[in-house]
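**Q** no FASTA, just this:
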Ligand SMILES: Nc1ncnc2c1ncn2[C@@H]1O[C@H](COP(=O)(O)O)[C@@H](O)[C@H]1OP(=O)(O)O
Ligand SMILES: [Mg+2]
């Protein structure tokens, strides 16, 4: 008997792999300086291109499913030169394993018009009913531009609950036991040893495998690091101070007895990193009263960490609720930690944030 969500997982992994390849090609073109100054931001090209390729794979396999995606196509319809730049990448990005690519992901996107139609399919309002995919084609755009950490993110929710999560992290080390760092070394265009894909299916654990561009290797199980002594813990947070309150996180760390400085990393690569035990805790502390986290920024990471033995909640200790629309409107911030110490972390978070 095949396991539940086996087909969804296979499609999601290959779709993320191909979309990640597109983003890498866009970045390398920029790094080689072949993108002229008037070219649109490589983020825009990478974002739209990756989204088109992922939606194409989802529609070929699960035409009845809804899709929530970050980008809208209206901007592209008014900008033919941007559309053509994106189409050039969508048309030409192919996995090395062409046979699996076509068999699993379906045929190529027909033309630029068909690509625009696909991009426009990510407009579901989300909610508590049915099968809904959440896509963030390039999470961590600032990291992507600096040649640092970013993630291609895809998750399936069924009736508001995340069932499948996949994160492609082109710039994280392949090696699960590599130290927690956002740094990728001096030569930013050298792929050696980098590129990992994290996956999880509800009730089936979490895995990592090399991202590459050929046939996907067999995954290995990952799990959070067992931790009893918080003084040896490491925690990660956003690079951008506007995304997470870094002075409150420093106070929380100090109260918990954590001695190491935080590791600052863009994107959901933080979730993948703690899920494989490279780090222990991920703190995301609200910087504004009004910002609502987007479901595509958290769905895959939430499941991957929970399936690796962690707990993921908001700052009040409530589970993230993916059933209320395109945003996590009922939650504030994110606290992810190994199950054994999660309540201890929440207690201190509440002391520092002044919540009861
Ligand atoms: N005020 C904010 N608080 C928290 N997250 C934010 C805020 N503004 C934007 N973001 C989102 O944070 C994500 C990146 O997080 P990280 O810092 O972990 O890399 C982006 O998807 C970004 O969304 P957007 O792409 O819409 O700007
Ligand atoms: Mg994002």
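**A** Everything's here; your move. What you see is a predicted model, and the numbers here were worked out from it, not measured in a lab. Residues are numbered from 1 along each chain as shown. Ligands and ions are numbered 1, 2, ... in the order given.
**Q** What segments of the stretch 251-356 of the chain are strands?
**A** Remark: strands assigned in the stretch 251-356 of the chain by DSSP state E, counting those that start in this stretch are 263-264, 281-284, 310-313, 334-338.
**Q** would you turn these into a markdown table with distance to ligand 1, mean pLDDT and mean neighbour count?
**A** In short, each C-beta sits where N, CA and C put it, glycine included. Converted to a markdown table, the strands of the stretch 251-356 of the chain look like this (distance: least, C-beta to the nearest ligand atom, whole Å; pLDDT from 0 to 100; neighbours: other C-beta atoms under 10 Å):
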| stretch | distance to ligand 1 | mean pLDDT | mean neighbour count |
| --- | --- | --- | --- |
| strand 263-264 | 9 | 96 | 20 |
| strand 281-284 | 7 | 98 | 26 |
| strand 310-313 | 14 | 98 | 22 |
| strand 334-338 | 9 | 98 | 26 |
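**Q** near ligand 2, which residues of the stretch 1-150 of the chain?
**A** 136, 139 (C-beta under 5 Å from the ion).
**Q** pLDDT score for the residue in the chain that ligand 1 sits nearest to?
**A** For the chain, the nearest residue to ligand 1 under the criterion C-beta to the nearest ligand atom is residue 238, separated by 3.1 Å. pLDDT recorded at residue 238 is 98.
**Q** show me the contacts for it.
**A** Under the criterion of C-beta atoms under 8 Å, 6 or more residues apart in numbering, the neighbours of residue 238 are 244, 246, 264-266, 270, 284.
**Q** re earlier: in JSON lines: the strands of the stretch 251-356 of the chain, plus distance to residue 172.
**A** Converted to JSON lines, the strands of the stretch 251-356 of the chain look like this (distance: least, C-beta to C-beta, whole Å):
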{"stretch": "strand 263-264", "distance to residue 172": "12"}
{"stretch": "strand 281-284", "distance to residue 172": "14"}
{"stretch": "strand 310-313", "distance to residue 172": "17"}
{"stretch": "strand 334-338", "distance to residue 172": "16"}
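**Q** Return the list of helices and strands in contact with the helix or strand that contains residue 53.
**A** For residue 53, the element it lies in under DSSP states H and E is helix 42-61. Helix 42-61 sits against helix 6-31, strand 66-69, helix 80-92, helix 98-105, helix 112-119, strand 131-139, helix 141-146, strand 151-158, with contacts defined as 3 or more C-beta pairs under 8 Å, 6 or more residues apart in numbering; DSSP states H and E.
**Q** Mind listing what's buried along it?
**A** Judged by neighbour count using 16 or more other C-beta atoms under 10 Å, the buried positions of helix 42-61 are 42-59, 61.
**Q** Quick one: mean pLDDT for that helix?
**A** 96.
**Q** In three-state terms, label residue 169 for me.
**A** In three-state terms, and counting by DSSP: H, G, I helix; E, B strand; the rest coil, residue 169 is strand.
**Q** So residue 63: helix, strand or coil?
**A** Using three-state DSSP, the structure places residue 63 in coil.
**Q** Got phi/psi on it?
**A** When read as degrees, to the nearest 10, the backbone of residue 63 gives phi -60, psi -20.
**Q** ok, residue 6 - contacts?
**A** Not one residue lies near residue 6 by C-beta under 8 Å, 6+ apart.
**Q** For the stretch 151-300 of the chain, give me the ranges with low pLDDT.
**A** Applying pLDDT under 70 to the stretch 151-300 of the chain flags the ranges 185-190.
**Q** Just want the most central residue of the protein.
**A** residue 153 (3.5 Å; C-alpha atoms, centre = their mean).
**Q** what's across from it in the sheet?
**A** As for beta bridges, residue 153 partners with residue 136, residue 167 under DSSP bridges.
**Q** One more: residue 173?
**A** Judged by DSSP bridges, the bridge partners of residue 173 are residue 194.
**Q** per-residue confidence at residue 146?
**A** Residue 146 is assigned 88 on the pLDDT scale.
**Q** about what we covered before: for residue 319, find the nearest of the helices and strands packed on helix 42-61.
**A** Closest to residue 319 of the helices and strands packed on helix 42-61 is strand 151-158 (C-beta to C-beta; 13.3 Å).
**Q** Thanks again, I'm all set now.
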